[in-house]
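Enquirer: Turn this into a model:
(2 chains)
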2 protein chains.
Amino acid sequence: MHKVEEVDVMENLIEANRRLAEDVRRLLEDHGIKGIEVMGSIGSGKTALVEELIKRNPDVSFAVLAGDVVSDYDEERYRKLNVPVVGLNTGRECHLDAHLVEHGLEHLSEEVDLNDVDVLFVENVGNLVCPTDFPLGMHERVLVVSATEGEDVIPKHPAIVKAADVIVVNKIDLAEACGVDVDALVEAAEEINPSADVFAVSVKTGEGLEGLERRLLG
Amino acid sequence: MHKVEEVDVMENLIEANRRLAEDVRRLLEDHGIKGIEVMGSIGSGKTALVEELIKRNPDVSFAVLAGDVVSDYDEERYRKLNVPVVGLNTGRECHLDAHLVEHGLEHLSEEVDLNDVDVLFVENVGNLVCPTDFPLGMHERVLVVSATEGEDVIPKHPAIVKAADVIVVNKIDLAEACGVDVDALVEAAEEINPSADVFAVSVKTGEGLEGLERRLLG
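Expert: Purely as a prediction, here's the structure:
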């Protein structure tokens, strides 16, 4: 009984989110902003990746919406880079939704003229299940997994892998110490989602970042 | 509007789960089984930890319920150890619930006489948010985090840290390579949940496992 009720509510929420995501997309396009959502587990390196892309591209005008369940750790990290940032706390929810992003953009417009923003990063809550069904109206959905998460992280989460436009296998410098085959991870991603672009990188050493950068910001 | 409806359903589900968890607990106690739930992110080492505890204790009669969103990778891993195991797939849900565990125990009783089981491990879906509000009737809730997830993994997820009886900081052999201070992780866990027992271990090297083993199986 509960299950049926839950499914109905879930479908309503997904449909409502879809419409709001369209509004968000229009807002971005009205202001000439390219929107990039970054998804991935806790500790996969989402924040470090976005930080690095910001640092490496001083000529691009960035802004960030930093999603988290309760804390503002990531928001503070971005603030140190002097980019306009708004933190989005979901409370108990395990994903952002387009409604939260709309509010985030409102707050962001108090910090910066949205017409001056080239690229907006939206960092989702660390989670490999929940964000899948709730796109945020961005132009690209990037999934970050870490080689330290093991070789089955990709086949265990096919839904979010299929939802991604770009898949980043991060921390390849630690793969050997973890007994993980990076090629196997990349191949698993390409097999589950043949239309995604897959990049093996180390945000720490910089390896592989150039190709990813070209794909996302080029 | 959606939000209100969603919260009501959520509360119904949490309350229904609480009642079912009590039934599960009674069932365990009727059969003299100690139940241990294992929570943690993808790649934190939940399966590897349970495998290791099983291998190190040949005199204990174990059984496992292996939760996953869609796959049976973990179930297959446990089967290789010749322990009775039932896989529980949640579909799109990001946590197990007591209802699924009840069904799992039914299936388990077709593989093994429950009176012969000493310890039941229930491995939850890889997630640091969703399992929090859905206890499964086990005697212990164990949270596994990996040092590779970074120093803020604990303070970013206070709710699940508070819900745990035992907290395991795993992969301490990789901490230095990740620039992570294990002591800081342990202290953060103890600060957020002073009543939990916290263990820093490496399932790979065996470091720290003895104390954890004594706490869980002693």
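
Enquirer: show me the biggest helix of chain A in terms of residues.
Expert: Among the elements of chain A assigned as helix by DSSP state H, the one spanning the most residues is helix A:2-30.

Enquirer: what helices or strands is that helix leaning on?
Expert: Under the contact criterion of 3 or more CB pairs under 8 Å, 6 or more residues apart in numbering or on different chains; DSSP states H and E, the helices and strands touching helix A:2-30 comprise strand A:34-40, helix A:98-111, helix B:2-30. (Glycine included, C-beta is placed from N, CA and C.)

Enquirer: which of the ones you listed is buried the deepest?
Expert: Ranked by mean neighbour count under mean count of other CB atoms under 10 Å in any protein chain shown, these are led by strand A:34-40, which reaches a mean of 25.

Enquirer: Could you list the residues in contact with that one?
Expert: Residues lying outside strand A:34-40 but in contact with it, judged by CB atoms under 8 Å, 6 or more residues apart in numbering or on different chains, are A:24-25, A:28, A:46, A:49-50, A:118-124, A:126-128, A:131, A:135-146, A:160, A:164, A:168, A:216.

Enquirer: Just the angle for it relative to helix A:2-30, thanks.
Expert: Calculated by axes from the mean of the first three to the mean of the last three CA atoms, to 10 degrees, strand A:34-40 forms an angle of 150 degrees with helix A:2-30.

Enquirer: Could you figure out how far strand A:34-40 is turned away from helix A:98-111?
Expert: Using the same axes, to 10 degrees, strand A:34-40 lies at 130 degrees relative to helix A:98-111.

Enquirer: what element comes up after strand A:34-40 heading to the C-terminus?
Expert: Next in sequence after strand A:34-40, counting helices and strands by DSSP states H and E, comes helix A:46-56.

Enquirer: pLDDT (mean, whole number) over that next one?
Expert: In this model, helix A:46-56 has a mean pLDDT of 97.

Enquirer: again with stretch A:150-160
Expert: Stretch A:150-160 comes out with an average pLDDT of 93.

Enquirer: what's the spatially closest residue to A:Val117 that is not a sequence neighbour in contact with, if anything?
Expert: Of all residues beyond its chain neighbours, the one nearest A:Val117 is A:Ala63 (4.6 Å), with distances taken as CB to CB, 6 or more residues apart in numbering or on different chains. By CB under 8 Å, 6+ apart, the contact set of A:Ala63 is A:33, A:83-85, A:108, A:111-112, A:117, A:119-121.

Enquirer: Any stretches of chain A with poor pLDDT?
Expert: In the prediction, chain A carries residues with pLDDT under 70 at positions A:1-8.

Enquirer: tell me the centre residue of it?
Expert: In chain A, the residue lying closest to the centroid (CA atoms, centre = their mean) is A:Val38, at 0.9 Å.

Enquirer: who's it bridged to?
Expert: A:Glu123, A:Val142 (DSSP bridges).

Enquirer: how close does it sit to chain B?
Expert: Using CB to the nearest CB, to the nearest Å, one gets 15 Å for the distance from A:Val38 to chain B.

Enquirer: How about A:Arg18?
Expert: Spatial separation of A:Arg18 from chain B under the definition CB to the nearest CB is 13 Å.
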